[in-house]
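**Student:** A predicted structure for the sequence below; I have some questions about it.
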Amino acid sequence: MTDRAIDMAPAIATRREEAMGFLEGLVSKGLGWARSFSLFVYPYSTACCAMEYMSVAASRYDIARFGAEFPRFSPRQADLLLVVGTINQKQAPILKRVYEQMCEPKWVIAFGVCASSGGFYDNYAVVQGIDRVIPVDVYIPGCPPRPEQVLDGLKTLQEKIQRGRHGLIERPAPQEPGRSGAVELPQGPPRR
Ligand code: SF4
């Protein structure tokens with residue numbers, strides 16, 4: 001059979017595959033909805049934009065209305081990294097380490113023009129955008145951004161999460177009872 005013939009062969013999907021695809025779509029949609037409205041934020045705040053973050057989190061703008069209420073100061077408990085402020089070259093490896101320690105799936109927002117592009121700090125000491133260090137999902141412009149802009153950026157991220165494909169996490173099979181953590185010591189010569 002030629003390559004062309006292979007390309008033109010009709011795709012055959014059984015009823016079982018169709019049903020599985022339908023179920024996976026439903027699960028993905030449900031997980032996307034749940035994940036988008038249960039974001040645990042790690043605010044990586046370094047500069048003046050942090051005041052604006054506090055304003056968004058406080059009662060007047062109340063980020064809790066959008067399901068991103070809890071700031072977490074351990075990356076292992078967070079799935080949204082909010083990079084708030086200027087990142088200089090010395091901080092870049094720390095920011096990367098924090099990102100790597102976060103749980104999966106995870107997302108990143110560049111909060112303000114300094115995090116997005118270095119802002120007006122066009123010099124050798126400042127990272128010219130955090131996307132040179134870690135992947136970024138949403139950029140929020142402004143110096144500093146207004147709280148409404150931040151909420152708009154958050155909603156943009158939530159829409160992106162809901163559009164994404166989500167699957168259940170496959171966990172490794174449990175070990176046999178009695179063998180977990182057991183260390184077998186090497187056998188020495190028999191005692192006399
Ligand atoms: S964007 Fe403006 S307000 Fe935000 S950290 Fe930079 S200089 Fe400060």
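**Tutor:** Yep, it's here. Computed from a predicted model, the values in this text were never measured in an experiment.
**Student:** rest of the way, CA atoms for contacts and neighbours
**Tutor:** Noted.
**Student:** got the end-to-end distance for stretch 75-88?
**Tutor:** 20 Å (CA to CA, to the nearest Å).
**Student:** Buried residues in it, which are they?
**Tutor:** 75, 78-88 (16 or more other CA atoms under 10 Å).
**Student:** shaky segments in the protein?
**Tutor:** Low-confidence regions of the chain, defined by pLDDT under 70, span residues 1-12, 169-192.
**Student:** how does it look with 90?
**Tutor:** 1-28, 57, 59, 62-73, 103-105, 118-120, 164-192 (pLDDT under 90).
**Student:** so where do the strands sit in it?
**Tutor:** Applying DSSP state E to the chain gives strands spanning 41-45, 80-84, 107-111, 138-140.
**Student:** Using TSV, lay out those together with distance to A68.
**Tutor:** Listed next are those as TSV, based on distance: least, CA to CA, whole Å:
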stretch	distance to A68
strand 41-45	7
strand 80-84	9
strand 107-111	13
strand 138-140	15
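**Student:** Reformat those into JSON lines and put distance to the ligand next to each item.
**Tutor:** Formatted as JSON lines, these follow (distance: least, CA to the nearest ligand atom, whole Å):
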{"stretch": "strand 41-45", "distance to the ligand": "9"}
{"stretch": "strand 80-84", "distance to the ligand": "7"}
{"stretch": "strand 107-111", "distance to the ligand": "8"}
{"stretch": "strand 138-140", "distance to the ligand": "10"}
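**Student:** just the buried residues of stretch 75-88 now: which is nearest M20?
**Tutor:** Closest to M20 out of the buried residues of stretch 75-88 is D79 (28.4 Å), distances taken as CA to CA.
**Student:** In contact with S55, which residues?
**Tutor:** 61, 147 (CA atoms under 8 Å, 6 or more residues apart in numbering).
**Student:** Likewise for P43?
**Tutor:** Contacts of P43 by CA under 8 Å, 6+ apart are 71-73, 81-84.
**Student:** what do you get for I87?
**Tutor:** Going by CA under 8 Å, 6+ apart, the list of residues near I87 reads 46, 114-115, 118, 126-127, 130.
**Student:** what do you get if the cut-off is 7 Å, keeping everything else the same?
**Tutor:** 115, 126-127 (CA atoms under 7 Å, 6 or more residues apart in numbering).
**Student:** From those residues, keep the buried residues only.
**Tutor:** 115, 126-127.
**Student:** From Q158, how far out is E100?
**Tutor:** 21 Å.
**Student:** So for the two, which residue has more residues nearby?
**Tutor:** Neighbour count, other CA atoms under 10 Å: between E100 and Q158, Q158 has more, with 21 against 14.
**Student:** Which residues of the protein lie near the ligand?
**Tutor:** 47-49, 85-86, 112-114, 143-144 (CA under 6 Å from any ligand atom).
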